[in-house]
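*Asks:* here is my input, please return the structure:
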Amino acid sequence: MWREWVSLCARRVGACPLHRDTGAMLGKRRRTSGFAGRYDGWEGHYDLFRFVPAELDQDVTRFIRALPETPEAYAVARSELEQGDFDVLFSFARRMFVRSVLESDPGCLSDALSAVTLLDSDRYDFRDIYGVADLVSLGMSLGAVPSATRFRDAAELAAGGTAERLRGLADSPQVEPHRSLVDIVERPEGNVVIGWGIDPYAASHDLRPLAFELADVIESDSYRASSIDGAASLPGVWLRGVDANLRERLAAGLKACISIRAQLDPSEVKHAGEQMFVIWLGEARDEAAAAAIAEAASPLDGRPEGARILGLASGALVAVVVARSTYKGVASYENDDSLSRFGLPIQLALDRAAGELPE
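*Replies:* Below you'll find the predicted structure:
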């Protein structure tokens, strides 16, 4: 999860717990943990903007509910867990937050809190623990669930930095989504969660519906959208049609930006996991600025090695599509001709949305 998000969130908390590529970290686990199997990124088990059921949820729930709620029992269980187990617990708690928002049912957050309580701050990144604990607190706040007593009781079962964070949330619950690096979006299927960064976001038109439309464009092909993140930033490195100083000014000049990331179908190519596909959707200050960004993204010369880039604009809206291999020696799945197939549907989506922009 972590590409641009790592550096983005490092400026605030040192790492972003929301977009971790947990699938790559799941290793062997002891039988004492009771976990069977693992979450699957291609199946959508790590998505924020939708909830995809997983059998592993039931396995984790059984394990948690079988534990006696005593500090001793939790300490023994914690000591027997391995790194892969902590990754499962982290992902489970995060998934239950997503489910609670989509289904408007905070009931599953009790199990999520128990999963967080088992995380060992001496063996697991405390920033991830803080981040996912904040999500559970936020979920309870959104569901109007009294959480102070729950978090104090959980702190008694936790240890180290985990207990410290839970006590802090008992006294001061998380109530603001953006402080937890997420945003809540109303959709026909219910409220959904997207990631939220720390860059300026001053859109004059709600870009989020357009971002979901572009995610659908991606998924009509051999990719699946894996994340949608608002308050993002367009890296100037992709604007090679202008000099370095100008490219940074152009990228920084966006009023708002959302990134839509995608994964390539593993059946398409052997090294699908080494392929990057991202659309940066932005609103520029005016039509000329949007056109300049699209043009700067389009030249064939001077691009990062192996990168295929497509720049499109309509009115003040701009989309920069980047596809490349992230691993040396692995060829990019896309070439300039193949990437162009996304041009028409993205352009049409931009045209429709640009027609709704205020004058």
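*Asks:* let me see the domain layout of this structure.
*Replies:* Annotated domains of the chain cover 3-178, 199-354 [automatic domain parsing].
*Asks:* the chain: helices as residue ranges?
*Replies:* Per DSSP state H, the chain carries helices over the ranges 3-10, 55-66, 71-80, 83-102, 109-117, 126-142, 148-157, 160-171, 208-219, 244-252, 287-296, 336-339, 343-354.
*Asks:* and the ones you listed as a markdown table, adding mean pLDDT and mean neighbour count?
*Replies:* The C-beta positions use only the backbone N, C-alpha and C, and glycine is treated the same way. What follows is these, written out as a markdown table (pLDDT from 0 to 100; neighbours: other Cβ atoms under 10 Å):
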| stretch | mean pLDDT | mean neighbour count |
| --- | --- | --- |
| helix 3-10 | 34 | 17 |
| helix 55-66 | 95 | 16 |
| helix 71-80 | 96 | 15 |
| helix 83-102 | 96 | 24 |
| helix 109-117 | 98 | 25 |
| helix 126-142 | 97 | 24 |
| helix 148-157 | 98 | 18 |
| helix 160-171 | 97 | 19 |
| helix 208-219 | 98 | 19 |
| helix 244-252 | 86 | 16 |
| helix 287-296 | 95 | 20 |
| helix 336-339 | 94 | 12 |
| helix 343-354 | 96 | 17 |
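*Asks:* just put those in JSON lines and tack on distance to residue 307.
*Replies:* What follows is the helices of the chain, written out as JSON lines (distance: least, Cβ to Cβ, whole Å):
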{"stretch": "helix 3-10", "distance to residue 307": "13"}
{"stretch": "helix 55-66", "distance to residue 307": "36"}
{"stretch": "helix 71-80", "distance to residue 307": "44"}
{"stretch": "helix 83-102", "distance to residue 307": "30"}
{"stretch": "helix 109-117", "distance to residue 307": "39"}
{"stretch": "helix 126-142", "distance to residue 307": "30"}
{"stretch": "helix 148-157", "distance to residue 307": "46"}
{"stretch": "helix 160-171", "distance to residue 307": "40"}
{"stretch": "helix 208-219", "distance to residue 307": "18"}
{"stretch": "helix 244-252", "distance to residue 307": "14"}
{"stretch": "helix 287-296", "distance to residue 307": "14"}
{"stretch": "helix 336-339", "distance to residue 307": "10"}
{"stretch": "helix 343-354", "distance to residue 307": "16"}
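*Asks:* quick one, what contacts residue 103?
*Replies:* Residue 103 makes contact with 51, 190, according to Cβ atoms under 8 Å, 6 or more residues apart in numbering.
*Asks:* tell me how far it lies from residue 116.
*Replies:* Using Cβ to Cβ, to the nearest Å, one gets 20 Å for the distance from residue 103 to residue 116.
*Asks:* same check on residue 110?
*Replies:* 11 Å.
*Asks:* what sits against residue 158?
*Replies:* Applying Cβ under 8 Å, 6+ apart, the residues near residue 158 are 74, 116, 117, 118, 119, 166.
*Asks:* and for residue 201?
*Replies:* If you count contacts by Cβ under 8 Å, 6+ apart, residue 201 has them with 230, 231, 255, 256, 257.
*Asks:* out of these, which one sits closest to residue 287?
*Replies:* For the contacts of residue 201, the closest approach to residue 287 (Cβ to Cβ) belongs to residue 255, at 12.8 Å.
*Asks:* any idea how far the closest one lies from residue 285?
*Replies:* 6 Å.
*Asks:* residues contacting residue 284?
*Replies:* 253, 254, 255, 290, 292, 293, 313, 316, 317, 318.
*Asks:* Throw those into JSON lines and include distance to residue 303, thanks.
*Replies:* Listed next are those as JSON lines, based on distance: Cβ to Cβ, whole Å:
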{"residue": "253", "distance to residue 303": "21"}
{"residue": "254", "distance to residue 303": "20"}
{"residue": "255", "distance to residue 303": "26"}
{"residue": "290", "distance to residue 303": "20"}
{"residue": "292", "distance to residue 303": "17"}
{"residue": "293", "distance to residue 303": "15"}
{"residue": "313", "distance to residue 303": "18"}
{"residue": "316", "distance to residue 303": "25"}
{"residue": "317", "distance to residue 303": "23"}
{"residue": "318", "distance to residue 303": "17"}
